[in-house]
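Participant: What shape does this take:
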Amino acid sequence: METIQEIFTDKIDDPAVAMRGELDRDKLFELAENIKENGLINPITVRPKNGRFEVVAGHRRLSACKIAGKIKIPCVVRELDDQKTFEVMAAENLERDDVNPVDEAIFISNFMQRTNKTVPEIAKALKRSVSYVNSRLAVGQMPDYMQEFLKLGSIKLGVAIALCEITDQETLRVWTEMAVRDGVSVAQAEYWVHGWRVSQLPGGIRTETPPDDFIPSEPVKLLFRCEIDGKQYPPEDVRTVMIYKNNLPTFYAIAEQLRSASDNEINEQ
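Facilitator: Model prediction:
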């Protein structure tokens, strides 16, 4: 059921779960000036709730109307449950360029908490893929500084998601700031993550910067450093040995002696 009514603005409440975390103040005042001159061209959509009305679509327009001093505004009044309200809000906002992934993440997370719906159910309601919903939920788990970069558009969503594979928080922050500084691609970020994973393996060596001939679509050749001769070898030629941690100093001392002896033999030749 749908009707159009003139409603007092002080009877209209902001949405319980808003898509936009923050409204751009400058753009809001620009819209308010436009409304003063031309009126509200597109009515906002509201739903009856607890004897009042809740915004479903048009949160920004409502705020601008209040700034413009509008006492009553035209509204499309629709009888909607929480599910339908979510779908209308999503349809209204998801296609807008100024809605950032962080706002989307907060909106989806809040809706999931309020309705206990699963990721596939949310994806169906949004008419988006499951991976889309999962990526926004991942944004909600990112560090605050990374979310801020996403809000500002300083880092690509794909780059941020790739870098979040890094579990060492100090390394994650450093590489995130490098990604913002250099404007790296998703392929570059994935290369960094690949290198970080290699560095976590016994004897693994990480290269911070890809070689000049690096092609993202091609697998990166792995090399492991031998502790005896200090040279690098492919994984198939490397073997793992078990050493008690307290014996590591002895092992490294013996390895250093062997390398020194090998270097002396080469120099004498």
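
Participant: show me where the stretch 1-150 of the chain has strands.
Facilitator: Applying DSSP state E, counting those that start in this stretch to the stretch 1-150 of the chain gives strands spanning 2-8, 12-13, 44-49, 52-57, 72-78.

Participant: since we're on residue 116, how many residues are nearby?
Facilitator: Using other CB atoms under 10 Å, residue 116 has 7 neighbouring residues. In this view, the C-beta of every residue, glycine as well, is placed from N, C-alpha and C.

Participant: and residue 144, which of the strands of the stretch 1-150 of the chain is closest to it?
Facilitator: Nearest to residue 144 among the strands of the stretch 1-150 of the chain is strand 52-57; the distance by CB to CB comes to 27.6 Å.

Participant: can you list contacts of the closest one?
Facilitator: Contact with strand 52-57 is made by 7, 11-16, 44-47, 62, 75, 77-78, 80, 85, 88-89, 92-93, as judged by CB atoms under 8 Å, 6 or more residues apart in numbering.

Participant: List buried residues within those.
Facilitator: Using 16 or more other CB atoms under 10 Å as the burial test, the contacts of strand 52-57 include 7, 12, 15, 44-47, 62, 75, 77-78, 80, 85, 88-89, 92-93 as buried.

Participant: Could you measure from residue 188 over to residue 102?
Facilitator: Between residue 188 and residue 102 the computed distance is 23 Å (CB to CB, to the nearest Å).

Participant: can you pull out the strands in the stretch 151-269 of the chain?
Facilitator: Under DSSP E, counting those that start in this stretch, the stretch 151-269 of the chain gives strands at 224-225, 232-233.

Participant: for the last one, packing partners?
Facilitator: For strand 232-233, the contact count by 3 or more CB pairs under 8 Å, 6 or more residues apart in numbering; DSSP states H and E identifies strand 224-225 as packing neighbours.

Participant: what's the strand it packs on packed up against?
Facilitator: strand 232-233.

Participant: ok so, going back, tabulate the strands of the stretch 151-269 of the chain (a markdown table), appending mean neighbour count and distance to residue 108.
Facilitator: What follows is the strands of the stretch 151-269 of the chain, written out as a markdown table (neighbours: other CB atoms under 10 Å; distance: least, CB to CB, whole Å):
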| stretch | mean neighbour count | distance to residue 108 |
| --- | --- | --- |
| strand 224-225 | 17 | 42 |
| strand 232-233 | 14 | 45 |
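
Participant: Please name whichever of those strands is nearest to residue 144.
Facilitator: strand 224-225 (36.6 Å).

Participant: per-residue confidence averaged over that closest one?
Facilitator: Mean pLDDT, computed over strand 224-225, is 72.

Participant: Same check on stretch 144-153?
Facilitator: pLDDT averaged over stretch 144-153 gives 91.

Participant: so where's the chain uncertain?
Facilitator: Along the chain, the parts satisfying pLDDT under 70 run over 1, 18-23, 93-98, 201-223, 235-236, 238-240, 262-269.

Participant: what about 50?
Facilitator: For the chain, applying pLDDT under 50 flags the ranges 211, 214, 216-220.

Participant: the domain parsing of it - what is it?
Facilitator: The record's domain parsing of the chain by automatic domain parsing lists 1-93, 100-141, 153-222.
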